[in-house]
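>>> Sequence and predicted structure, then a few things I'm wondering about:
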There are 2 protein chains.
Amino acid sequence: MPIDKRISDAELELMEVLWAADEALTSADVAERVEERGWSLATIKTMLSRLVVKGAIKHREDGRRFLYSPAIKREAYVGSESRRFVERLFGGRLSPLVARLAEEDALDEEDIAAIEALLKELKS
Amino acid sequence: MPIDKRISDAELELMEVLWAADEALTSADVAERVEERGWSLATIKTMLSRLVVKGAIKHREDGRRFLYSPAIKREAYVGSESRRFVERLFGGRLSPLVARLAEEDALDEEDIAAIEALLKELKS
DNA sequence: CATTACCGTTTACAACTGTAATCGACTCGT
DNA sequence: ACGAGTCGATTACAGTTGTAAACGGTAATG
């Protein structure tokens, strides 16, 4: 199902943790995996609740804890955000984005080669 | 100078108007150019003030009106937002973004050709 | 000159964000 | 069984955003 509300920056970090996990996680598990952010456990619980309300994750009860897991796929989210982004700043076209990043030296050889390979693939 | 605060979605629409104009515009001029959004003039004035505070635009007095113009270049803004975006969702690499959009059929022949040309250019 | 029109500024207010303390309920160790 | 710990839920609170009305001053108009 598609997401109705947007996912904020901080929330996205929790999503990444859940997407990366192969199993559903408790809030404590999540906290442990974003420890470097220095968020209090309370903060993480708040964000998890908000993500549930937004429909981005779901939880299953396990005793008196919740086990959280993504309700949307990363590819779907990333895809819609990407479309939104190129729409917003580049009139829906990807090439001006590539041009801009190239101009900013934000592309290295490896990336260039990867993109070329992708495009070659596409044309077949 | 770099932007300290982020520019919101609605604000960006006003920025686009100012970037597109060849001369500084009054709030009424701006309103006229985003008429289709149905914003009240008051709303537009609020957003312009906020943009001034954010340092994204500046204004020059002309009698008792202000003439607004961008304080940052579109390329600079778009560049930093783009870097931020690929950083946030693709670990700073552009190729996965291209892959994702390709997967979503968000790329047409024309776009692909344009990107290939760009890359060819880059390698020389 | 009084009224009207038009400025930018100030104030408003709800939704969303970041960040967290507190609360009521339950469980676990001693 | 009692206190300590732990859960999720509720409440908090400032900053941002979207959206706009109200305000105070000046300029134009009749």
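Yep, that arrived. Numbering: from 1, shown residues only, chains lettered A, B, ... in the order given.

>>> where along chain A do the strands fall?
Ranges of strands in chain A, per DSSP state E, are A:57-62, A:65-70.

>>> Buried residues, stretch A:98-115. List them.
Within stretch A:98-115, the residues that qualify as buried are A:98, A:99, A:100, A:101, A:102, A:106, A:107, A:111, A:112, A:114, A:115, counting by 16 or more other CB atoms under 10 Å in any protein chain shown. (Each C-beta comes from the backbone N, C-alpha and C, glycine too.)

>>> just the residues you listed now: which is nearest residue B:41?
Residue B:41 lies nearest to residue A:100 out of those, by CB to CB, at 33.3 Å.

>>> Contact partners for the closest one?
Residue A:100 is in contact with B:75, B:78, B:79, B:82, counting by CB atoms under 8 Å, 6 or more residues apart in numbering or on different chains.

>>> do that again at 6 Å, thanks
B:78, B:79, B:82 (CB atoms under 6 Å, 6 or more residues apart in numbering or on different chains).

>>> Out of the residues you listed, who's the most crowded?
Of all the contacts of residue A:100, the highest neighbour tally under other CB atoms under 10 Å in any protein chain shown goes to residue B:82, namely 23 neighbours.

>>> Now do the contacts for that one.
Per CB under 6 Å, 6+ apart, neighbours of residue B:82: A:97, A:100, A:101.

>>> and the nearest residue to residue A:75 once chain neighbours are set aside, what pLDDT?
Distance criterion CB to CB, 6 or more residues apart in numbering or on different chains; nearest residue to residue A:75, sequence neighbours excluded, is residue B:100 at 6.9 Å. The model reports residue B:100 with a pLDDT of 96.

>>> Quick check: residue B:100 vs residue A:11, distance?
20 Å (CB to CB, to the nearest Å).

>>> how much space is there between residue A:111 and residue B:82?
Taken as CB to CB, the span from residue A:111 to residue B:82 is 13 Å.

>>> same question, residue A:112
For residue A:112, the distance to residue B:82 - CB to CB - is 16 Å.

>>> repeat for residue A:14
Taking CB to CB, one finds residue A:14 at 24 Å from residue B:82.

>>> One more: residue A:9?
16 Å.

>>> How about residue A:20?
Residue A:20 is 25 Å from residue B:82, by CB to CB.

>>> picking that back up, restricted to helices, list the contacts of residue A:100.
B:78, B:79, B:82 (DSSP state H).

>>> And the pLDDT at the nearest residue to the first one once chain neighbours are set aside?
Counting by CB to CB, 6+ apart, the nearest residue to residue B:78 once its immediate chain neighbours are dropped is residue A:89, at 5.3 Å. Each residue has a pLDDT score; the one for residue A:89 is 97.
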